[in-house]
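1. Sequence plus predicted model, see below.
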Amino acid sequence: MLSKPLIQHITLCLGNALNQQVILQDIKQVFGGEINQTFVIETNAGKFFLKMNDSATPEMFEKEKEGLLLLGGTNALDVPLPLTAGQHGQTSFLLMGWIEKGHPTKNFWQQFGYGLASLHRQTNPFFGLAEDNYIGNIPQQNTATTNWADFYAECRMMPLMHKALQQQKCSVADVEAAERLCGRFAEVFPPEQPALLHGDLWGGNFMPGGKGQPVIYDPAVYYGHREMDIAMTMLFGGFDKLLYQYYNEAYPLQQGWQQRVPLCQLYPLLVHLVLFGGHYYYNVMEIIKKYC
């Protein structure tokens with residue numbers, strides 16, 4: 001839990017970020033994440049959101065802060081304003097502006113679809129990102145690559161397959177099957193310009209804000225194939241089919257995108273295999289064996 005020295009340090013950091021004296025009035029734990037502890041902080045300067053982790057590397061939250069700033073700078077969809085990331089003792093933390101949860105407006109999914117399309121129109125000369133970052137607490141390699149097939153194989157699929165092998169969650173034969181599949185990516189994925197992705201867009205990482213607008217958070221940003229975000233929204237549910245209708249109005253997906261959804265879902269499923277094991281192994285291998 002929160003010690004007094006930790007609370008004092010966080011309050012001081014918040015004051016420095018806001019350039020004013022901050023007086024803590026209340027702090028309450030809130031729930032919703034599987035990796036971090038989360039709190040709402042009430043102060044004389046307003047409400048703020050705190051994420052903490054006692055086992056995370058200090059840079060994990062700094063990378064999340066940078067990702068939120070990158071997303072927010074597009075003005076495509078609302079994101080929490082990251083204020084400061086830091087460390088006290090063994091505890092890493094991230095402070096953000098608080099966004100009240102509201103009720104979706106009648107045109108919520110239209111706003112979301114158009115906003116996501118606008119985000120994906122933000123492009124870059126290469127796939128990847130200037131720096132590596134994290135998806136959850138797993139390091140995410142973002143080496144600049146000129147084509148999607150190589151990037152997806154070398155920076156997404158195979159690093160996690162090898163990690164799963166090290167954890168004894170898959171076999172050498174499974175890794176070899178994944179390598180064969182990666183060799184087909186160039187013929188399977190149509191050419192696309194790199195798109196700025198949220199990177200972890202499942203149902204737990206969005207909500208309606210206080211004005212009923214879509215708000216996204218907890219990103220794992222990089223420039224990638226935009227079907228990755230689309231496929232992630234379809235993996236665990238929570239998104240209305242209107243999202244895809246309005247997205248396609250604004251920025252039509254290429255022919256055959258529905259058939260590529262399982263291939264794009266391989267990466268988040270591999271993340272879950274590494275984190276949790278269990279049935280995710282069968283989910284991953286079913287897709288690999290189907291396509292290779």
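-> Good, I have the coordinates. Numbering: from 1, shown residues only.
2. contacting residues for the closest residue to residue 181 other than its chain neighbours?
-> Excluding the flanking residues, the one nearest residue 181 by Cβ to Cβ, 6 or more residues apart in numbering is residue 292, at 3.9 Å. Just so you know, the C-beta spots here come from the backbone N, C-alpha and C atoms, and that holds for glycine as well. For residue 292, the contact set (Cβ atoms under 8 Å, 6 or more residues apart in numbering) comprises 177, 178, 180, 181, 184.
3. Can you give me the neighbour number for the closest residue to residue 224 other than its chain neighbours?
-> Using Cβ to Cβ, 6+ apart and skipping the chain neighbours, the partner closest in space to residue 224 is residue 197 (4.9 Å). For residue 197, the neighbour count with other Cβ atoms under 10 Å is 26.
4. residue contacts, residue 197?
-> Residues near residue 197 by Cβ under 8 Å, 6+ apart: 119, 120, 221, 222, 223, 224, 226, 228, 229.
5. so which of those comes closest to residue 52?
-> Using Cβ to Cβ, residue 221 comes nearest to residue 52 of these, at 21.3 Å.
6. I'd guessed that closest one sits against residue 198; true?
-> Yes: with contacts counted by Cβ atoms under 8 Å, residue 221 reaches residue 198, the gap being 6.7 Å.
7. Now the buried members of the contacts of residue 197.
-> The neighbour-count test (16 or more other Cβ atoms under 10 Å) applied to these identifies 119, 120, 221, 222, 223, 224, 226, 228, 229 as buried.
8. okay if I get the residues you listed as a markdown table plus secondary structure?
-> Below are the buried ones among the contacts of residue 197 laid out as a markdown table (DSSP: H, G, I helix; E, B strand; the rest coil):
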| residue | secondary structure |
| --- | --- |
| 119 | helix |
| 120 | helix |
| 221 | coil |
| 222 | strand |
| 223 | strand |
| 224 | strand |
| 226 | coil |
| 228 | helix |
| 229 | helix |
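9. hey, what's residue 88 bridged with?
-> Under the criterion DSSP bridges, residue 88 forms beta bridges with residue 91.
10. In the chain, what residue spans correspond to strands?
-> For the chain, the strands defined by DSSP state E cover 24-30, 37-43, 46-53, 82-88, 91-97, 133-135, 138-140, 195-197, 206-208, 214-216, 222-224.
11. Of all these, which one comes closest to residue 250?
-> Residue 250 lies closest, by Cβ to Cβ, to one member of these: strand 195-197, at 12.9 Å.
12. surely residue 121 meets residue 194?
-> No: using Cβ under 8 Å, residue 121 is not in contact with residue 194; the gap is 11.0 Å.
13. Neighbours of residue 180, how many?
-> With other Cβ under 10 Å as criterion, residue 180 counts 11.
14. what sits against it?
-> Contact analysis of residue 180 by Cβ under 8 Å, 6+ apart lists residue 292.
15. Then the one 5 residues further on?
-> For residue 185, the set of contacting residues under the criterion of Cβ under 8 Å, 6+ apart consists of 148, 149, 150, 152, 153, 263.
16. What remains of the residues you listed if I keep only buried residues?
-> Neighbour counting by 16+ other Cβ under 10 Å classes 148, 149, 152, 153, 263 among those as buried.
17. Closest to residue 57 out of those residues?
-> Distances from residue 57 to the buried ones among the contacts of residue 185, taken as Cβ to Cβ, are shortest for residue 152 (24.9 Å).
18. From residue 264, how far out is the residue lying closest to that closest one once chain neighbours are set aside?
-> Excluding the flanking residues, the one nearest residue 152 by Cβ to Cβ, 6+ apart is residue 185, at 5.7 Å. Remark: distance between residue 185 and residue 264 (Cβ to Cβ, to the nearest Å) = 11 Å.
19. just residue 26 next, same as before
-> Taken as Cβ to Cβ, the span from residue 26 to residue 264 is 42 Å.
20. Mind checking which of these two has more residues around it?
-> Each of residue 26 and residue 264 has its neighbours counted (other Cβ under 10 Å); residue 264 has more, 24 against 10.
21. what about the residue lying closest to the more buried one once chain neighbours are set aside, how many neighbours?
-> Distances taken as Cβ to Cβ, 6+ apart put residue 231 closest to residue 264, at 3.4 Å, once the chain neighbours are dropped. Counted with other Cβ under 10 Å, the neighbours of residue 231 add up to 22.
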